[in-house]
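Visitor: Structure here, sequence nowhere to be found:
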Ligand SMILES: NC(=O)c1ccc[n+]([C@@H]2O[C@H](COP(=O)([O-])OP(=O)(O)OC[C@H]3O[C@@H](n4cnc5c(N)ncnc54)[C@H](O)[C@@H]3O)[C@@H](O)[C@H]2O)c1
């Protein structure tokens, strides 16, 4: 079966979730373009959007309608060509409405997995749980024996899932980044048993969805989480070292600042863990620890935070939930104090002591935001990191050590075969995490 035929009957499982809804949007757009393209009018297209959460599926309908309208508004020239054989559509508004209606018309929203019968491509984005994923794949295999399955797993080895579900190489790791409709990066994970025709289709689909593909080997955590999880564990260990002198809240604040300011990253490591979710971090740790030998990938602190209900992640309206930090209007406003079991507001009177202990930033420093669109950022980064190498003070020392550890992690990903080359590790951090420079660099 060729890919064009596969595109006619597609399913998404977990479609109403954080990742599933973005994947559903990408597929709705791609399939609607195919459906409305001249010459394809006679073909039938069906996109089955399945989730166990009925209420969230209602939300998905509204989300797809508004986002498809936005996409259509940006593509009127292309859509005019698609509807060239429809003389009744004259104004841009009419063309946009026709496209949104056509797009929504191909989508079926359901809580019944049986509706995936006959699907030819299935995208799975349910919880990061081996048993649950395997159970679902076994059912899909019965309902849609010809389907290729694309899993969004962030950490579970593909071959293990494929073998446990008896898919015969019909599963591929298609690791979108959050939010899938916006983030360009896609890690493509194949195992030696993945079917060649599936690998070819996966590469073409990634291209159709306008994603930048970086291949990763089938080793738990892959490249993105392989770096992020170890980077996070290092941050936690550094915080524990500072805790004696500066307390839990002070240590958390300081390590987070070092990551963000001294390393010129978009956010500090604890804010990033909050964004991803303390619960997700714990879950990925658990999976990686199970499959990676010779390394202790575990954190008592993360377990303790989870016990206390400090989970991070987002509310349904997209606002950030409490985690290591509390947020007001998207900005950090307080830091969790494990010793007090409550949040410490971050006011200058409180943070002064920690800022003084860290010391000033080295000369030539620019905030991440200022450099992110700067065409001469490479030269500026070189100048800054040259100064960091010689700078004195606690912040500079912690920054240098962090840089070194991040590089070690990157190199370990290459030497252990997770990534084929340094550029792939750097590419994932640049595109998926919006770092300005890859971890494998000459700055460390
Ligand atoms: N959130 C991220 O930043 C991120 C990034 C990359 C990959 N991932 C991976 O994507 C997958 C989904 O993560 P998420 O953050 O979107 O989770 P989520 O909890 O937001 O969404 C999961 C969805 O699956 C649904 N679901 C649960 N059980 C189901 C079942 N049996 N059948 C159908 N639907 C079911 C839930 O109702 C929910 O809507 C996980 O494997 C995760 O590791 C997440």
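Guide: Good, I have the coordinates. Quick caveat: nothing in here was measured; it's all calculated off a predicted structure.
Visitor: Give me the distance from stretch 162-176 to the chain's centre.
Guide: Using C-alpha atoms, centre = their mean, to the nearest Å, the mean C-alpha position of stretch 162-176 is found 19 Å from that of the whole chain.
Visitor: Likewise for stretch 70-78?
Guide: Centre-to-centre, stretch 70-78 and its host chain are 26 Å apart (C-alpha atoms, centre = their mean).
Visitor: what's the answer for stretch 140-151, then?
Guide: Between the mean C-alpha position of stretch 140-151 and that of its chain there is a distance of 24 Å (C-alpha atoms, centre = their mean).
Visitor: Would it count as contacting the ligand?
Guide: No: contact of stretch 140-151 with the ligand is not found when judged by C-beta under 6 Å from any ligand atom; the minimum separation is 7.1 Å. C-beta coordinates here come from the backbone N, C-alpha and C atoms, glycine included.
Visitor: which parts of the stretch 101-250 of the chain sit against the ligand?
Guide: Taking C-beta under 6 Å from any ligand atom as the criterion, the stretch 101-250 of the chain approaches the ligand at residues 125-128, 136, 152-154, 175, 178.
Visitor: how about 8 Å then?
Guide: By C-beta under 8 Å from any ligand atom, the part of the stretch 101-250 of the chain that sits against the ligand consists of 111, 113, 124-129, 132-133, 135-136, 151-156, 175-178, 224.
Visitor: Looking at those residues, which are in strands?
Guide: 124, 151, 175-176 (DSSP state E).
Visitor: need the contact list for residue 350.
Guide: Shown in contact with residue 350 (C-beta atoms under 8 Å, 6 or more residues apart in numbering): residue 344.
Visitor: Against the ligand, how distant is it?
Guide: Applying C-beta to the nearest ligand atom, to the nearest Å, the value for residue 350 to the ligand is 31 Å.
Visitor: pLDDT wise, what is the residue of the stretch 201-350 of the chain found nearest the ligand at?
Guide: Using C-beta to the nearest ligand atom, the point where the stretch 201-350 of the chain gets nearest to the ligand is residue 276, with a distance of 5.5 Å. In the prediction, the pLDDT value recorded for residue 276 is 93.
Visitor: With residue 302 instead?
Guide: Listed pLDDT for residue 302 reads 98.
Visitor: wait, isn't residue 315 in contact with residue 321?
Guide: Yes: counting by C-beta atoms under 8 Å, residue 315 touches residue 321, with 5.8 Å between them.
Visitor: Looking at these two, which is more packed in?
Guide: Under the criterion of other C-beta atoms under 10 Å, the comparison of residue 315 against residue 321 puts residue 321 first, with 15 against 8.
Visitor: What pLDDT does the model give the more buried one?
Guide: So residue 321 comes in at 95 (pLDDT).
Visitor: Kindly report the same for residue 43.
Guide: The pLDDT attached to residue 43 in the predicted structure is 72.
Visitor: Just list the residues touching residue 81, thanks.
Guide: For residue 81, the set of contacting residues under the criterion of C-beta under 8 Å, 6+ apart consists of residue 38.
Visitor: Confirm that it sits in a strand.
Guide: No: counting by DSSP: H, G, I helix; E, B strand; the rest coil, one finds residue 81 to be helix, located in no strand.
Visitor: so what pLDDT did it get?
Guide: The predicted local confidence for residue 81 is 91.
Visitor: Kindly provide the distance from it to residue 33.
Guide: In this structure, residue 81 and residue 33 are 11 Å apart, going by C-beta to C-beta, to the nearest Å.
Visitor: now do residue 231
Guide: Between residue 231 and residue 33 the distance, using C-beta to C-beta, works out to 38 Å.
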